[in-house]
Structure formats: C-alpha cells, structure tokens
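>>> pasting the sequence and the predicted model now:
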Amino acid sequence: MRALMPSALILLLAGCGATSALKPKAGQSLPVAPYGSEQKPTAEALLKPTSQAAPERSVELRKRSEERVQDPFDLPPSD
C-alpha cells in the first residue's frame with residue numbers, strides 16, 4: 001500500500017498540468033462587449049491582468065546616497 005501512494009500522488013499531480021482551450025460553461029456565454037466596443041473580448045483577453053492590476057516591478061538601484069525628503073504622514077504613534 002505504501003508503494004502505491006507515491007505513484008498515485010504523481011499521477012494526480014500530472015493531471016494538474018493539463019491545459020486546454022478556455023470555453024464558457026454549457027448554457028452560458030462570455031460577458032457582453034464593453035461600452036463602445038463592437039467585439040466581445042476572448043476568454044484569454046479577460047484573464048490577462050491589466051497593467052494596473054499587475055504593475056511592473058521597478059528594480060532601479062540607487063547609485064549614490066540621497067537625502068530623504070520629509071514625509072508629512074510619517075508621524076509617531078499616538079498614545
């Protein structure tokens with residue numbers, strides 16, 4: 001029984017990687033086209049996050065030290 005568990009787990013995990021074309025459920029359709037657009041967005045377009053939802057990361061490193069500007073919202077905790 002213990003010998004079957006790892007192989008069963010591997011088979012279950014192998015099924016998780018299966019991909020196929022995205023389609024709406026039977027009897028349902030994709031959302032209506034946005035206002036001002038003639039065509040409906042595809043399922044792939046609806047799943048792609050916007051730049052606002054997933055902003056690009058800034059990895060610019062500081063090359064020299066700089067004075068920090070005063071932050072008016074950096075207040076000490078109130079008692």
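Nice, thanks for sending it over.

>>> helices along the protein, start to end?
Along the chain, the stretches classed as helices by DSSP state H are 4-16, 43-47.

>>> would you format the ones you listed as TSV with mean neighbour count included?
Using the backbone N, CA and C atoms, a C-beta is placed for each residue, glycine as well. As requested, the helices of the chain are arranged in TSV below (neighbours: other C-beta atoms under 10 Å):
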stretch	mean neighbour count
helix 4-16	9
helix 43-47	10
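
>>> got CSV for these, with distance to residue 78 too?
Formatted as CSV, the helices of the chain follow (distance: least, C-beta to C-beta, whole Å):
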stretch, distance to residue 78
helix 4-16, 50
helix 43-47, 45
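
>>> how about these, which one is nearest residue 29?
Closest to residue 29 of the helices of the chain is helix 43-47 (C-beta to C-beta; 10.9 Å).
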